[in-house]
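Visitor: Here you go, sequence then predicted model.
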Amino acid sequence: MKIHILTIGKPRLAYAKSGWDEYIGRLQRLHQVRVSHLADKYADDTKHILGEIQGTTTVVLEINGVEYTSEKLADFLRTRELESREVSFIIGGPEGLPQAVRNAADYQWSLGCLTLPHDLAMVVTLEALYRASTINAHLPYHK
């Protein structure tokens, strides 16, 4: 499966850099993963953000989006894989994503109603994708 992770900004704090490196490495063992970190100056630039994800199935992280269990996220990934299109997961900046980007997305995914620091949200997203992927690959990580 082809996965594109698009973030506004990069993880800055030491724990987040370490977590990002750990989980992006793990995810790359299971999928073709492409990463794009847009500079913070593009946080509100709808045209620039949408230009990065053209032709892909898009999933934005949005507090009011659909919440998934790990198993439901695995089902979601399995279904997307059958569609044979790259899936772009878009993580906005600390202020979220522009409304036009959220409206243009194919799916909106919520990590829950807690407010997470931006760096932590990036790591949690990767870990959740990795966990769901291990479920689909029948690996023991999820237990």
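Guide: That came in fine, so what should we check first? Numbering: from 1, shown residues only.
Visitor: Every contact and neighbour count from this point should use C-alpha atoms.
Guide: Fine.
Visitor: Can you pull out the low-pLDDT segments for the chain?
Guide: By pLDDT under 70, the low-scoring segments of the chain are 143.
Visitor: 90 instead, please
Guide: Where the chain drops to pLDDT under 90, the residues are 94-95, 115, 141-143.
Visitor: what about the helices in it?
Guide: Using DSSP state H, the helices of the chain run over 14-28, 46-52, 70-82, 99-104, 118-136.
Visitor: Show me which positions of the shortest one end up buried.
Guide: This points to helix 99-104. For helix 99-104, a neighbour-count test (16 or more other Cα atoms under 10 Å) marks 101, 102 as buried.
Visitor: since we're on residue 42, how many residues are nearby?
Guide: Residue 42: 15 surrounding residues under other Cα atoms under 10 Å.
Visitor: May I have the beta-bridge partners of the residue positioned nearest the centre of the chain?
Guide: Centroid-nearest residue in the chain, with Cα atoms, centre = their mean: residue 89, separated by 3.5 Å. Beta-bridge pairing of residue 89 under DSSP bridges involves residue 5, residue 59.
Visitor: Would you quantify the distance from it to residue 126?
Guide: 10 Å (Cα to Cα, to the nearest Å).
Visitor: Repeat that for residue 140.
Guide: 17 Å.
Visitor: Could you check which of these two has the larger neighbour count?
Guide: residue 126 (22 against 9).
Visitor: Find the nearest non-adjacent residue to the more buried one, please.
Guide: residue 23 (5.8 Å; Cα to Cα, 6 or more residues apart in numbering).
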